[in-house]
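Participant: just need the structure, nothing else, for what follows:
(one chain, ligands or ions: 1)
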Amino acid sequence: MFDTKYDVIVVGGGHAGCEAAAASANLGSKTLLVTMNLQNLAQMSCNPAMGGIAKGQIVREIDALGGYSGIVSDKSAIQYKMLNQSKGPAMWSPRVQSDRSLFTLAWRQKLENTPLLDFYQEMVVDLIVKNDQVEGVITSLGVKIFSKTVVLTNGTFLNGLIHIGEKNFSGGRVGEKASFGLTKCLENIGFISGRMKTGTPPRVDGRSLNFSFMFEQKGDINPSKFSFSEETLPLKNQKSCYITHTNTEVHEILKQGFDRSPMFNGSIKSTGPRYCPSIEDKIDRFSDKLQHQIFVEPEGWNTHEVYVNGFSTSLPYDIQFKALKSVQGFESVKFLRPGYAIEYDYFPPTQLFHSLETKLIQNLFFAGQINGTTGYEEAAAQGIISGINAHQKHTTKKPFILGREEAYIGVLIDDLILKGTEEPYRMFTSRAEYRTLLRQDNADERLTHKSFKIGLASKERLIKVEEKLKKRSKLISFLKNKSFTIKEANNLLANKKENLIKQTDKYSKLLARPNISRVDLNCFAELNSFIKKSSMDDSIFEQAEIDIKYSGYIEKEKRNANKLKRLENIKIPPSFDFDKLASLSLEAKEKLNKLRPETLAQASRISGVNPSDISVLLVSMGR
Ligand code: FAD
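Facilitator: Down below sits the predicted model:
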């Protein structure tokens, strides 16, 4: 059946696998996606939402590179919100509430329309490896499929064990089989594995809830969208989410189940996501809190199913049900599915290069939750990079690596490879030292050109970015060179209760004021007519405003990023002997030998490698 040898085999059709398969096929590699269930491509195992703080930036970056997550998110969105708008633009983060079924369907349609991509439904249990190089996979039916490269994206499925109270059973996600064989195969080769856990809340029937007791959360009045492409449009209709709270009665009921909880009775030993704790964890750790917020999120356009965000739990079913009935608005709740926790195997990501290829076996790549991350966006980001690099590898091209100053995706992968992770890793804006540069609005400007150069982002995308840049610099030049009329300015300032002015000045001076926004500048006739004549949409004016208001910060970060680049350009030869340098600290030698950084900048980010060690390395390299 598989008489052809593939260029790339992607194992797993989750968020990482789907992006990996799309990227490698779109680059021209003959690709096979092998997954355990083709009905569940890019299944949202947990909450029906994409984006959010720092994650929204990642989705924009994937889209700018030519990935599908942004387009699929737009096609399946039921609500759009730009989070953190009260803060500076570096913090603005788009998020959509998704129709869970539509999301999977949209992914399937995109992938089925991707030339060079084949599909096969089965479990991969073993790898074909010769002379430390992967040559294909073996499935549970004993089918051997050969390929030049393999990308593993097994998510939460490797030896997955599901817990609900005292009950536990094998599974990769509720209702789906766990994956066996691969962990053993990888351990036999010499890979180190670990165990992590995560959890999910119950789903309930929305018809049994009393929403009038809850606070309604509507979507944005002028919703935007994720994708920079023309393929999607902003939402016209949106669905609301709701907020309610737990209370002391709920907490008391939950505590009655603690001795039967796998979290507290020792059944679960692995570490869960710190920033997504279960409700029992929250009650235990923050015992002084009288209530916790619950977001009541619809699961789609045409279903009554509701996701109870904030109530993730692995307590026994009866306790989950009883406790939820005491939440305001949930008095008559009908359960559709209980919450549960899952433990699974992962492989510490320090075993990978920045390309996501493994250090032990050539042409083998890992992406997604298998690398110790959590979240759809983090998985999809690694997926697209692994798919690109699998293609680059078998076509003997340079690996595609994004720097920390170029993308959140760069920060994510650099953190994983150089720091590793002992608990599920999720992205935050605070992890990115250059976050003023890494904004959601400029992801296309940062990445589309780079992706076009390797053949992934389309010409249309590139033209769109170039037009946007041209228009923006035309607008900035207008704002910096043209003066406003005193009369119009003073009308605006009087309205804003600001001191009036006696002399005219450039528009940019007015826009640089903290209390004046681009929307306020609508009252200037000359500016308005310039914008209309040049057919500039609001996103261009928004970027011009950010450039003018935050130019000081942006320039400073650019200078710092350039300094980092200089160290990034100093390569450490793969055979470099750290032990011969007597002045290197013992800890630095140990870490450098273990992680084998490829550049001096990477070496400088390893914990335990101090500035003095970097100086020693610089001198030894003749700098
Ligand atoms: P997955 O989405 O898990 O996909 C793995 C894919 O690989 C599946 O399609 C599977 O069928 C396939 N597969 C596995 N093994 C094989 C094999 N041997 N052969 C063929 N195919 C195989 N994220 C959060 O950010 N916050 C949360 O609170 C959160 N809670 C979660 C709760 C639960 C119960 C679960 C299961 C996940 C949760 N997640 C959460 C994690 C989120 O779902 C994952 O981060 C994300 O789905 C990972 O994407 P992935 O592509 O790496 O793997």
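Participant: C-terminal to the strand or helix carrying residue 25, what's the next element?
Facilitator: For residue 25, the host element (DSSP states H and E) is helix 15-26. Note on helix 15-26: by DSSP H and E, the next helix or strand toward the C-terminus is strand 31-35.
Participant: on that earlier part again, for the helix holding residue 25, C-alpha coordinates in CSV please.
Facilitator: Extracted in CSV, the C-alpha atoms of helix 15-26 (Å, rounded to 0.1, in the frame of the first residue of the first chain):
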residue,chain,number,x,y,z
HIS,A,15,-2.5,21.3,16.5
ALA,A,16,1.2,20.6,16.1
GLY,A,17,0.8,17.8,13.6
CYS,A,18,-1.7,19.7,11.4
GLU,A,19,0.6,22.8,11.2
ALA,A,20,3.6,20.6,10.6
ALA,A,21,1.9,18.6,7.8
ALA,A,22,0.6,21.8,6.2
ALA,A,23,4.0,23.5,6.3
SER,A,24,6.0,20.6,4.8
ALA,A,25,3.5,19.9,2.1
ASN,A,26,3.1,23.6,1.2
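Participant: for that helix, packing partners?
Facilitator: On a contact count with 3 or more Cβ pairs under 8 Å, 6 or more residues apart in numbering; DSSP states H and E, helix 15-26 meets strand 6-11, strand 31-35, helix 100-112, strand 117-121, strand 144-152, helix 376-394. All C-beta atoms are positioned from the backbone trio N, CA, C, and that covers glycine.
Participant: mind checking which of those is nearest the ligand?
Facilitator: Closest to the ligand of the helices and strands packed on helix 15-26, according to Cβ to the nearest ligand atom: helix 376-394, at 3.3 Å.
Participant: following the closest one, which helix or strand comes up?
Facilitator: helix 408-419.
Participant: angle of that following helix against helix 376-394?
Facilitator: 80 degrees (axes from the mean of the first three to the mean of the last three Cα atoms, to 10 degrees).
Participant: okay, buried residues for helix 408-419 please.
Facilitator: 408, 409, 410, 411, 412, 413, 414, 415, 416, 417, 418 (16 or more other Cβ atoms under 10 Å).
Participant: contact partners for residue 59?
Facilitator: Taking Cβ atoms under 8 Å, 6 or more residues apart in numbering, we find residue 59 in contact with 50, 51, 69, 70, 73, 94, 226, 377, 380.
Participant: isn't there a helix covering it?
Facilitator: Yes: secondary structure assignment places residue 59 in a helix (DSSP: H, G, I helix; E, B strand; the rest coil).
Participant: look up how far residue 89 lies from it.
Facilitator: 17 Å (Cβ to Cβ, to the nearest Å).
Participant: any idea how far residue 368 is from residue 157?
Facilitator: 11 Å.
Participant: nope, residue 601 is what I meant
Facilitator: Distance from residue 601 to residue 368, by Cβ to Cβ: 26 Å.
Participant: up against the ligand, what does the protein have?
Facilitator: 11-17, 34-37, 40, 45-46, 123-124, 153-157, 172-173, 179, 182, 198-200, 273, 276, 342, 368-369, 374-376, 379, 426 (Cβ under 6 Å from any ligand atom).
Participant: show me where the stretch 151-300 of the chain has helices.
Facilitator: 182-189, 248-256, 279-285 (DSSP state H, counting those that start in this stretch).
Participant: which stretch among the ones you listed comes nearest residue 214?
Facilitator: helix 248-256 (14.8 Å; Cβ to Cβ).
Participant: low pLDDT regions in this protein?
Facilitator: Counting by pLDDT under 70, the chain contains low-confidence residues at 1, 623.
Participant: do you know how far the residue nearest in space to the middle of it is from residue 59?
Facilitator: When Cα atoms, centre = their mean is applied to the chain, the residue found nearest the centroid is residue 377 (2.6 Å). Remark: distance between residue 377 and residue 59 (Cβ to Cβ) = 6 Å.
Participant: which neighbours do these two share?
Facilitator: Applying Cβ under 8 Å, 6+ apart, one finds that residue 377 and residue 59 are jointly contacted by 50, 51, 69.
Participant: related to what we said a few turns ago, got the helices and strands packed on helix 15-26 as JSON lines, with distance to residue 621 columns?
Facilitator: JSON lines is the format used below for those (distance: least, Cβ to Cβ, whole Å):
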{"stretch": "strand 6-11", "distance to residue 621": "36"}
{"stretch": "strand 31-35", "distance to residue 621": "40"}
{"stretch": "helix 100-112", "distance to residue 621": "45"}
{"stretch": "strand 117-121", "distance to residue 621": "44"}
{"stretch": "strand 144-152", "distance to residue 621": "32"}
{"stretch": "helix 376-394", "distance to residue 621": "27"}
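Participant: go through the ones you listed and name the closest to residue 316.
Facilitator: Of these, nearest to residue 316 by Cβ to Cβ is helix 100-112, at 25.9 Å.
Participant: and that closest one, what does it pack onto?
Facilitator: Helix 100-112 packs on helix 15-26, helix 69-75, strand 117-121, going by 3+ Cβ pairs under 8 Å, 6+ apart.
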